[in-house]
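Student: here is the input, now give the coordinates:
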Amino acid sequence: ELFYLFYLSVCPVIPVISRAHEGPGEMGKPVIVPKEDQEKMKDLFKINQFNLMASDMIALNRSLPDVRLDGCKTKVHPDDLPNTSVVIVFHNEAWSTLLRTVHSVISRSPRHLLVEILLVDDASERDFLKKKLEDYQRSGLIRARLRGAAATRGQVITFLDAHCECTVGWLEPLLARIKEDRKSVVCPIIDVISDETFEYMAGSDMTYGGFNWKLNFRWYPVPQREMDRRKGDRTLPVRFGSAGALWRSSHVHTWATCSARPRRTASRAARAKSSTRTTGAWPRCGWTSSKISSTSYHQIRNVETNQCMDNMGRKENEKVGFFNCHGMGGNQVFSYTADKEIRTDDLCLDVSRLNGPVVMLKCHHMKGNQMFEYDAERLTLLHVNSNQCLDMPSEEDKMVPTLRDCNGSRSQQWILRNMTLSV
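Tutor: Below you'll find the predicted structure:
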């Protein structure tokens, strides 16, 4: 067997024991490690890339604040919700965070809705998690989840990280959305647990999670079309109705805004491992960029120079670049959005003055300095605010496109070649 599945039986009735909300980390408050333990704390931090000492100081069933919107607290859900099996994949997880995850699921899930909790050990090497096995190979997060899913008995399968804590009312809204539409894949609001202090911090219901084309996880603002559809009711879910959207936040098709599942802030090491896992599983989905949304993805090539626009790996407030076309995507993939933005990840091309350089700033979706109209016949990109055309770099700065008065020259012609992106 590649995996060991541990079934935790849940008693039909578990008495609720009231206790004072005192002690380290109670009510989600930060844990402050004494000065004399700081060096040991730093050494332990390296094991899991979070403050293991702080985690071990916190009760496994610690109390958490109820940060739901008032409208969510008063929502009434049907009595006949489907039940669920919870699958938790772990690999060398810290004992305290793993058990705190399990405790939070048991203590904050209605008894009749929770069938079982399956712990899938994805080749852990630590003795306290299981006996060492000689011939045991990691298969990765997604395949481990699939293996766990195959063993479930519940009507719905719920996947959780091994280092998270469920808050009050986390489960019912998710199951209610699935009851409405059995084809829905739902995800709660993801709050944050500090990797340094284990402080619980409420997440925003006005953002959604997604991967950029470098497979880095980012938070993006909820699109205006979704805000309009919800008509100010923030208790309604944010919808993403395409196959591509399924990958925007691990499992997002409908985001149920009335539940909450916090998790710790990911470290750089964790993000790197996550990217590798996603890369390995992504090709199995068989989708292309055309399925994601109305946004199109392009290589933007200048007719005169035959060179391409390139973000050069630069950051916000830096100039966009210009480089030989290589046809491999990466830094030369730009999206032309329905708002007429030229976008690279969450940055948009922005020009603030006449004849000014083209810089990359956070997309604000207010058009203005970030609005470019593409004429497919003339092959021009008109910067609407200045009424100037995007042109090849000047002699002074040969690596940065600029704006000039439109003159119909080849240097102001750009070919947007559609890109089919793969990893």
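Student: quick one, helices of the protein?
Tutor: Residue ranges of the helices in the chain, as given by DSSP state H, are 38-48, 52-57, 70-73, 95-107, 141-150, 172-180, 224-230, 268-281.
Student: so for His251, what's the pLDDT?
Tutor: Looking at His251, its pLDDT reads 30.
Student: pLDDT value on the residue nearest the centre of the chain, please?
Tutor: Nearest to the mean C-alpha position of the chain, counting by C-alpha atoms, centre = their mean, stands Gly209 at 3.1 Å. What the model reports for Gly209 is a pLDDT of 72.
Student: got it, and the one 5 residues further on?
Tutor: Reading off the per-residue confidence, Lys214 sits at a pLDDT of 58.
Student: then the one 3 residues further on?
Tutor: As summarised for this prediction, Phe217 has a pLDDT of 65.
Student: give me the number of residues near Val185?
Tutor: 16 (other C-beta atoms under 10 Å). C-beta: built from backbone N, CA, C; applies to glycine.
Student: from Ser63, how far off is it?
Tutor: For Val185, the distance to Ser63 equals 30 Å [C-beta to C-beta, to the nearest Å].
Student: these two touch, right, Asp191 and Val67?
Tutor: Yes. At 7.1 Å, Asp191 and Val67 qualify as touching, with contact defined as C-beta atoms under 8 Å.
Student: looking at those two, which has the bigger crowd around it?
Tutor: Using other C-beta under 10 Å, the more surrounded residue of Asp191 and Val67 is Asp191, with 20 against 17.
Student: circling back to that earlier point, the residue nearest to the centre of the chain contacts Ile190, correct?
Tutor: Yes. Taking C-beta under 8 Å as the definition, Gly209 is a contact partner of Ile190 at 6.6 Å.
Student: look at stretch 75-82 and report the distance between its end residues.
Tutor: End-to-end distance for stretch 75-82, by C-alpha to C-alpha, to the nearest Å: 17 Å.
Student: again, but for stretch 327-345
Tutor: Its start and end residues considered, stretch 327-345 measures 18 Å (C-alpha to C-alpha).
Student: quick one, strands of the stretch 151-300 of the chain?
Tutor: 156-160, 186-189, 192-193, 200-201, 207-211, 217-221, 238-239, 254-260, 263-264, 296-302 (DSSP state E, counting those that start in this stretch).
Student: show me this protein divided up by domain.
Tutor: Here the domain assignment for the chain is 5-285, 296-418, based on automatic domain parsing.
Student: neighbours of Thr380, just the number please.
Tutor: Look at Thr380: counted by other C-beta under 10 Å, it has 20 neighbours.
Student: I should have written Glu180 there, sorry.
Tutor: 11.
Student: nearest spatial neighbour of Gln412, skipping sequence neighbours?
Tutor: Cys389 (4.4 Å; C-beta to C-beta, 6 or more residues apart in numbering).
Student: distance of the one you found from Ser411?
Tutor: On the measure of C-beta to C-beta, Cys389 and Ser411 end up 9 Å apart.
Student: show me what contacts the residue located most distally from the centre of the chain?
Tutor: With distances taken as C-alpha atoms, centre = their mean, the residue sitting farthest from the centre of the chain turns out to be Asn407, at 43.5 Å. By C-beta atoms under 8 Å, 6 or more residues apart in numbering, the contact set of Asn407 is Cys389.
Student: quick one: low-confidence ranges for the chain?
Tutor: 1-20, 126-148, 212-219, 240-296, 419-423 (pLDDT under 70).
Student: my guess is Ser386 contacts Leu354. True?
Tutor: Yes. Between Ser386 and Leu354 there is a contact under C-beta under 8 Å: 5.5 Å.
Student: now the common contact residues for those two.
Tutor: The contact sets of Ser386 and Leu354 overlap at Leu403 (C-beta under 8 Å, 6+ apart).
Student: okay, the two: which has more neighbours?
Tutor: Taking neighbours as other C-beta under 10 Å, Ser386 and Leu354 compare with Ser386 leading, 17 against 13.
Student: just to revisit the earlier point, the residue nearest to the centre of the chain pairs with what?
Tutor: Note on Gly209: beta-bridge partners by DSSP bridges are Trp219.
Student: surely Met57 is in contact with Pro24?
Tutor: Yes. Between Met57 and Pro24 a contact is recorded at 4.3 Å, counting by C-beta under 8 Å.
Student: shared neighbours, those two?
Tutor: Shared contacts of Met57 and Pro24, counting by C-beta under 8 Å, 6+ apart, come down to Val31.
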